[in-house]
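Novice: Pasting the sequence and the predicted coordinates here, then a few questions.
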Amino acid sequence: MSLKIIAGKFRGRNLETLPGFQTRPLLSRAKKSLFDILTPKLGGSVFLDLFAGFGTVGIEALSRGAKKVIFVESDGNCIKVIEDNLIKLGIEDYAEIVQQDASRPDLLEGKFDIIFIGPPYQMKMLAEIIKKSEKLLKDHGLIIGQHHKKEILAEKTVGLSLYRQEKYGDMRLSFYKKL
């Protein structure tokens with residue numbers, strides 16, 4: 001199975017995935033909407049992709065002008081796919097892959113303009129991971145959480161405020177900014 005990059009420098013290029021693997025790539029319609037919202041902030045940004053899976057969100061960010069993407073993923077098979085796709089596109093110098101439990105962003109160093117968090121729905125830990133990620137966010141940065149529509153997130157959390165939500169089928173994207 002392959003997924004297409006939908007816009008930017010690598011528009012139309014295919015990204016490899018693994019057949020039958022237990023990841024949930026962001027649907028094209030939701031990815032297009034997400035990046036339409038993020039476009040004003042993407043140019044020159046440092047982007048963190050937590051629970052990166054096959055890296056499709058982070059690679060889309062690079063295609064649309066992000067300066068650097070850090071991919072955090074624990075599964076070695078997924079990491080190999082991310083590496084292969086970055087090399088295929090010639091953008092490995094603009095990316096870093098960290099193999100660790102993505103539910104522990106507090107173990108990371110650095111500051112990010114945009115943090116995308118797409119944990120497995122059954123974890124039901126998104127609110128906790130958002131709280132842990134806040135310290136990694138630059139001033140005027142954004143955190144976007146992908147979750148099941150039935151998982152309700154707080155309007156405000158430590159240092160963050162929910163300012164937008166978008167719904168796509170059974171999935172929701174929640175956008176937080178620093179207070």
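Specialist: Structure's in. What do you need?

Novice: Give me the sheet partners of the strand ranked longest in the chain and which way each runs.
Specialist: Counting residues, the longest strand in the chain under DSSP state E turns out to be strand 137-148. Counting by DSSP bridges, the strands paired with strand 137-148 are strand 112-117 (parallel), strand 171-178 (antiparallel).

Novice: Kindly compare burial across those strands and name the winner.
Specialist: strand 112-117 (a mean of 24; mean count of other CB atoms under 10 Å). All C-beta atoms are positioned from the backbone trio N, CA, C, and that covers glycine.

Novice: What is the neighbour count of Lys124?
Specialist: Neighbour count for Lys124, taken as other CB atoms under 10 Å: 13.

Novice: Next: the one 3 residues further on.
Specialist: The number of residues packed around Ala127, counting by other CB under 10 Å, is 16.

Novice: how deep is the residue lying closest to it once chain neighbours are set aside tucked in, by neighbour count?
Specialist: Nearest residue to Ala127, sequence neighbours excluded (CB to CB, 6 or more residues apart in numbering): Leu153, at 5.4 Å. By other CB under 10 Å, the residues close to Leu153 number 15.

Novice: on that earlier part again, in the longest strand of the chain, what counts as buried?
Specialist: For strand 137-148, a neighbour-count test (16 or more other CB atoms under 10 Å) marks Leu137, Gly141, Leu142, Ile143, Ile144, Gly145, Gln146, His147 as buried.

Novice: Between all of the residues you listed, which two are separated the most?
Specialist: Gly141 and His147 (19.3 Å; CB to CB).

Novice: By mean pLDDT, which helix or strand of this protein comes out lowest?
Specialist: Lowest by mean pLDDT, DSSP states H and E among the helices and strands of the chain is strand 2-4, with a mean of 79.

Novice: Which parts of the protein are strands?
Specialist: So, for the chain - with DSSP E - the strands run 2-4, 14-16, 46-50, 68-73, 95-99, 112-117, 137-148, 156-157, 160-168, 171-178.

Novice: first to last residue in stretch 115-130, what's the distance?
Specialist: End-to-end distance for stretch 115-130: 9 Å, by CA to CA, to the nearest Å.

Novice: quick one: average confidence on it?
Specialist: Confidence for stretch 115-130, expressed as mean pLDDT, is 90.

Novice: measure the residue lying closest to Glu96 once chain neighbours are set aside to Asp49 for me?
Specialist: The shortest distance from Glu96 to any non-neighbouring residue, by CB to CB, 6+ apart, is to Ile70 (4.9 Å). As defined by CB to CB, to the nearest Å, Ile70 lies at a distance of 7 Å from Asp49.

Novice: what's the neighbour count on Leu50?
Specialist: For Leu50, using other CB under 10 Å, the count is 30.

Novice: That one pairs with what?
Specialist: Beta-bridge partners, per DSSP bridges, of Leu50: Val72, Ile117.
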